[in-house]
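Colleague: Predicted coordinates and the sequence they were generated for:
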Amino acid sequence: MSVNYSKDSNAEYLRLVMQALRNRYVSGLTTFVGEGPKFIQWYRKNGMSGGGERFVFSESLALASGSINFSQVHNEMCSEGELAEATALSAIVHPKNPRLPSSHLHLSYTKIHKGKSFWRLMADLNPSIKNEAHKSKFDQMLENVSGDFYLDATENGNKYFYIPSLQRSRGISHFYLETAKLGDFEEGLRYTEEFGIAVITSYLSMLMEGLEDNEKILEDELSQQLAYHTLYLYQVLLMDRGTTAGLLVHDQNDLGVLASLPPRVDKNLLHSWISRLTEPQDILLERLIALMPNIGVVEITDSLKKQFAQTIRQYYHEYPDAKSMQAYRPLDDEK
C-alpha cells in the first residue's frame with residue numbers, strides 16, 4: 001500500500017518543505033539520543049486520500065518519549081466550505097531528564113474548498129522544573145523569528161494553553177499564530193519554514209547542552225516531572241482543539257494524534273481534579289480515568305491511547321456542545 005499525496009503543485013512544494021523540517025528534527029534528536037527512531041506509515045482511506053509518516057523515539061536514557069509526525073490529507077470530492085487539503089508537521093519531545101523541558105511544535109496549512117485557507121504555527125516550551133535561562137532563550141528566539149506577529153501570537157498562545165479549571169498554564173513560553181494573513185502562498189511557506197528552523201534549532205541546542213548536566217537527579221525532581229506530565233495529559237485530552245479535531249475526523253491515526261502524551265502520569269492527581277471541572281467536562285475526565293489501571297502511576301501504553309481515542313469520540317457524539325469548553329482559538333477573532 002502506498003500514500004497518494006496531493007498532486008497540487010503548492011501541496012507538493014509544501015510537502016517537501018515540511019518533510020525537510022521533519023528530517024532536520026529527526027537527525028538532531030538521533031544525535032541527542034544516540035540511536036534512531038522507529039518509522040511508521042499510516043493511510044487515509046487506504047492511502048487514496050493521503051496519509052502520513054511518524055518517526056517515534058522509544059524511551060531511553062535520554063528521552064521519555066518523542067514523536068515527529070508529518071501528514072498530508074486531501075478530499076477530492078469536497079463541497080464548498082469543507083476541507084480540501086491539510087498538510088502538517090507536529091512534533092513533541094519529552095526528555096528523560098526532568099531538568100530539560102518538553103517541547104511542542106506544530107506547523108500546518110489548511111485549504112478550504114471555495115473558502116478561507118489558513119496557516120497554523122504553534123510552539124511552546126514545557127518544563128517540569130522552571131529554568132529562566134531556557135525560557136529567556138526560547139522567548140528571544142520566538143521574538144526574533146516571528147517579527148510583527150510576536151505580540152499577538154504570544155498573547156494567543158498564553159490564552160490557548162491556560163487551563164481555567166486549574167488556574168494555571170501548560171508550559172511557560174507560548175506561541176500560537178492561526179491566520180490567513182501571511183501574504184501569498186510562497187510568502188507564507190517561507191515564513192513557516194524559517195519559523196520551524198528557528199524553533200527546532202533552539203530546542204535541540206537546549207537538549208545538547210543538557211548532556212553536560214551530570215548532577216544526580218533527585219526524587220523530588222522526578223515527582224515534579226510526573227506531576228507536570230499529568231497536567232500535560234489533562235490539557236491535551238480535555239482542552240486541546242487540535243487533538244480533538246484529529247480524533248473526530250477519522251480513526252486511522254489515533255496513535256499519531258495522541259503521540260504527544262507523556263509515557264506515564266499520576267492517576268490519583270488526575271482524580272483530584274475532577275471536582276474542579278463543570279459538567280460535562282467532568283464526565284469526560286471520569287471516563288478517561290476509568291480506563292486506567294487501578295494504580296497511582298499509570299503507563300500510557302498504545303492500547304490505552306486507543307481506548308482514550310474511542311472514549312473521546314463517543315463523548316463528543318453525546319455532548320457535541322462541549323467542544324465550546326475547549327481552549328481559545330485565535331482564528332475566531334478574524335471572522
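Modeller: Now that the structure is in, tell me what you want to look at.
Colleague: all helices in this protein, in order from the N-terminus.
Modeller: Using DSSP state H, the helices found in the chain span residues 9-33, 132-146, 150-160, 185-210, 219-238, 241-249, 254-257, 267-272, 281-290, 302-318.
Colleague: List the buried residues for the last one?
Modeller: Right, helix 302-318. Leu304, Lys305, Gln307, Phe308, Ala309, Thr311, Ile312, Tyr315, Tyr316 (16 or more other Cβ atoms under 10 Å). Bear in mind the C-beta positions are built from the backbone N, C-alpha and C, glycine included.
Colleague: wait, what's in contact with the fifth one?
Modeller: Counting by Cβ atoms under 8 Å, 6 or more residues apart in numbering, Ala309 makes contact with Leu247, Asp251, Asp254, Val257, Leu258.
Colleague: residue ranges with poor pLDDT in the stretch 101-250 of the chain?
Modeller: Within the stretch 101-250 of the chain, the ranges that satisfy pLDDT under 70 run 114-115.
Colleague: hmm, 90 instead?
Modeller: Along the stretch 101-250 of the chain, the model assigns pLDDT under 90 to residues 111-117, 179-183, 214, 249-250.
Colleague: contact partners of stretch 312-323?
Modeller: Taking Cβ under 8 Å, 6+ apart as the rule, stretch 312-323 contacts Leu237, Arg241, Thr244, Leu247, Leu248, Asp251, Pro280, Gln281, Ile283, Leu284, Arg287, Leu288.
Colleague: Count the neighbours of the nearest residue to the second one once chain neighbours are set aside for me.
Modeller: With sequence-adjacent residues excluded and distances taken as Cβ to Cβ, 6 or more residues apart in numbering, Arg241 is closest to Gln326, at 5.1 Å. For Gln326, the tally of surrounding residues (other Cβ atoms under 10 Å) stands at 17.
Colleague: What does the pLDDT read for Gln326?
Modeller: For Gln326, the pLDDT comes out at 95.
Colleague: what residues are up against it?
Modeller: By Cβ under 8 Å, 6+ apart, the residues touching Gln326 are Leu238, Met239, Asp240, Arg241, Thr244.
Colleague: cutoff 7 Å now
Modeller: Met239, Arg241, Thr244 (Cβ atoms under 7 Å, 6 or more residues apart in numbering).
Colleague: Just put the residues you listed in JSON lines and tack on neighbour count.
Modeller: Shown next, in JSON lines, are the contacts of Gln326 (neighbours: other Cβ atoms under 10 Å):
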{"residue": "Met239", "neighbour count": "22"}
{"residue": "Arg241", "neighbour count": "13"}
{"residue": "Thr244", "neighbour count": "22"}
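Colleague: between those residues, which is nearest Glu194?
Modeller: Distance ranking of those against Glu194, using Cβ to Cβ, places Arg241 first at 25.4 Å.
Colleague: OK, contacts around that closest one?
Modeller: Gln326, Ala327, Arg329.
Colleague: Could you measure from the residue nearest to Arg241 over to Ser108?
Modeller: 18 Å (Cβ to Cβ, to the nearest Å).
Colleague: Ser275 too?
Modeller: Distance of Ser275 to Ser108, given as Cβ to Cβ: 36 Å.
Colleague: same question, Gly242
Modeller: Distance, Gly242 to Ser108, using Cβ to Cβ: 9 Å.
Colleague: so Gly36 sits right up against Gly28, yeah?
Modeller: No. Contact criterion Cβ atoms under 7 Å: Gly36 and Gly28 do not qualify, at 11.8 Å.
Colleague: rewinding a little: out of the helices of the chain, which gets nearest to Val73?
Modeller: Closest approach to Val73 among the helices of the chain (Cβ to Cβ): helix 241-249, 8.5 Å.
Colleague: buried set for the closest one?
Modeller: Residues of helix 241-249 classed as buried by neighbour count (16+ other Cβ under 10 Å): Gly242, Thr243, Thr244, Gly246, Leu247, Leu248.
Colleague: again with stretch 233-242
Modeller: Quick answer for stretch 233-242 (16+ other Cβ under 10 Å): Leu233, Tyr234, Gln235, Val236, Leu237, Leu238, Met239, Asp240, Gly242.
Colleague: Could you double-check that the first one sits in contact with Asp266?
Modeller: Spelled out, it's Leu233. No. Applying Cβ under 7 Å as the test, Leu233 and Asp266 come out as separate, 9.6 Å apart.
Colleague: Can you tell me which of the buried residues of helix 241-249 is nearest Ser6?
Modeller: Closest to Ser6, out of all of the buried residues of helix 241-249 and judged by Cβ to Cβ, is Gly246, at 18.4 Å.
Colleague: Now do Leu247 against Gly52, distance only.
Modeller: Look at Leu247 and Gly52: by Cβ to Cβ, they are 15 Å apart.
Colleague: same thing with Asp139?
Modeller: According to Cβ to Cβ, Asp139 and Gly52 sit 31 Å apart.
Colleague: Can you pick out the residue with more neighbours from those two?
Modeller: Shown here are Asp139 and Gly52; by other Cβ under 10 Å, Gly52 has more neighbours (23 against 17).
Colleague: what are the bridge partners for that one, then?
Modeller: Beta-bridge partners recorded for Gly52 (DSSP bridges): Trp42, Ser71.
Colleague: No further questions, thank you.
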